[in-house]
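J.: Below is the structure, and that's it, no one-letter string:
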């Protein structure tokens with residue numbers, strides 16, 4: 001039985017990464033920690049590469065090439081990546097890190113987990129554009145799965 005409204009808000013949401021944020025060094029730089037993750041996939045998306053030629057973003061991640069997800073709607077298109085449990089504070093940090101080439105949307109992964117995903121800002125979206133952090137909450141059973149694996 002729930003004791004208060006705060007019991008209804010899970011501690012973690014999920015973030016799906018198909019690129020740079022899978023790198024533990026990048027996680028340490030952006031979030032100050034390494035996240036436990038679970039392999040997953042993002043159906044109906046393909047990808048392209050964004051070349052960054054100047055400045056801080058390339059220096060922060062150690063690369064000047066970034067993947068951009070685009071909604072294709074084709075069942076043959078699937079991006080492989082990792083789903084991570086994240087806090088609202090983690091999401092604010094990753095929003096700053098991602099920059100203007102990306103928008104954060106909510107999408108259902110191949111496993112059935114609802115997760116935030118950064119996609120190309122120009123992409124028509126198969127997910128739900130972000131209006132506020134409280135719009136999408138993960139299934140508590142999936143949250144327990146991640147917590148069990150995290151230790």
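T.: Structure received. The shown structure was predicted, so the numbers you read here are calculated from the model rather than taken from an experiment.

J.: before we move on, what SS does the closest residue to residue 33 other than its chain neighbours have?
T.: Distances taken as Cβ to Cβ, 6 or more residues apart in numbering place residue 27 nearest to residue 33, at 6.7 Å, with adjacent residues excluded. From N, CA and C alone the C-beta is placed, and that goes for glycine too. When classified by DSSP: H, G, I helix; E, B strand; the rest coil, residue 27 comes out as helix.

J.: ok, residue 27 to residue 87 distance?
T.: Distance of residue 27 to residue 87, computed by Cβ to Cβ, to the nearest Å: 13 Å.

J.: And residue 34, by the same measure?
T.: 14 Å.

J.: what does residue 109 give?
T.: 19 Å.

J.: of these two, who's got more company?
T.: More neighbours surround residue 109 than the other of residue 109 and residue 87, with 20 against 13 (other Cβ atoms under 10 Å).

J.: thought residue 35 was touching residue 87?
T.: No. Using Cβ atoms under 8 Å, residue 35 makes no contact with residue 87, being 10.2 Å away.

J.: Which helix or strand contains residue 74?
T.: Of the helices and strands defined by DSSP states H and E, none includes residue 74.

J.: What pLDDT does the model give the closest residue to it other than its chain neighbours?
T.: Nearest residue to residue 74, sequence neighbours excluded (Cβ to Cβ, 6+ apart): residue 44, at 6.5 Å. If you check residue 44, the pLDDT there is 91.

J.: Which residues are in contact with residue 44?
T.: Contacts here follow Cβ atoms under 8 Å, 6 or more residues apart in numbering; on that basis residue 44 touches 71-75, 77-78, 126.

J.: now residue 94
T.: Counting by Cβ under 8 Å, 6+ apart, residue 94 touches 15, 21, 30-31, 86, 118.
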